[in-house]
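> Here is my input; please provide its structure:
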Amino acid sequence: MDMRVPTQLLSLLLLWLPGSHAKPSVFIFQPSSDQLKTGSASVVCLLNGFYPREVNVKWKVDGVVQTSGIQNSATEQDSKDSTYSLSSTLTLSSSEYESHDVYACEVTHESLTSALAKSFDRKSC
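Take a look at the predicted model:
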């Protein structure tokens with residue numbers, strides 16, 4: 001009898017142990033030039049591979065926390081490794097977007113010792 005545990009099953013078992021954590025991978029995407037021509041600008045923050053489910057995303061524009069124009073997707077669980085993913089979108093008018101420079105999403109999760117921020121400078125892109 002083969003007693004090896006499939007890697008996928010082992011990943012699932014490890015995540016269900018008390019105190020199990022997986023750090024999120026975080027990516028930020030700027031609006032396309034085609035979208036900007038429509039008068040709208042969506043900046044997207046994508047989080048992948050985190051566990052447990054609870055996570056917080058904070059948006060900052062030029063260092064100022066944003067409270068409006070934010071849409072978070074439902075937190076989805078991966079069927080293969082049971083980690084979670086989420087997208088958060090900050091939507092502004094094109095003129096508002098172009099009047100600012102630095103866009104950042106800041107993620108807090110219990111697997112992280114401090115907030116994880118991803119950002120870009122619009123003038124450098």
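
> rest of the way, CA atoms for contacts and neighbours
OK.

> which SS class is Val57?
strand (DSSP: H, G, I helix; E, B strand; the rest coil).

> Next, count neighbours for it.
Residues near Val57, counting by other Cα atoms under 10 Å, number 20.

> And it, how close does it get to His109?
9 Å (Cα to Cα, to the nearest Å).

> same deal with Ser119?
18 Å.

> which residues touch Val65?
Lys58, Trp59 (Cα atoms under 8 Å, 6 or more residues apart in numbering).

> one more time with 10 Å, if that's ok
Residues counted as contacts of Val65 (Cα atoms under 10 Å, 6 or more residues apart in numbering) are Lys58, Trp59, Ala104, Cys105, Glu106.

> out of these, which is most surrounded?
Result: Cys105 is most packed of those (other Cα under 10 Å), 27 neighbours.

> For that one, give me the pLDDT.
Per-residue confidence (pLDDT) for Cys105: 99.

> Once you drop chain neighbours, what's closest to His100?
Excluding the flanking residues, the one nearest His100 by Cα to Cα, 6 or more residues apart in numbering is Asp62, at 6.5 Å.

> correct me, but the one you found touches Cys105?
No. Taking contacts as Cα atoms under 10 Å, Asp62 lies outside contact range of Cys105: 11.3 Å.

> List the buried residues of stretch 112-125.
Residues Leu116, Ala117, Ser119 are the ones in stretch 112-125 that count as buried (16 or more other Cα atoms under 10 Å).
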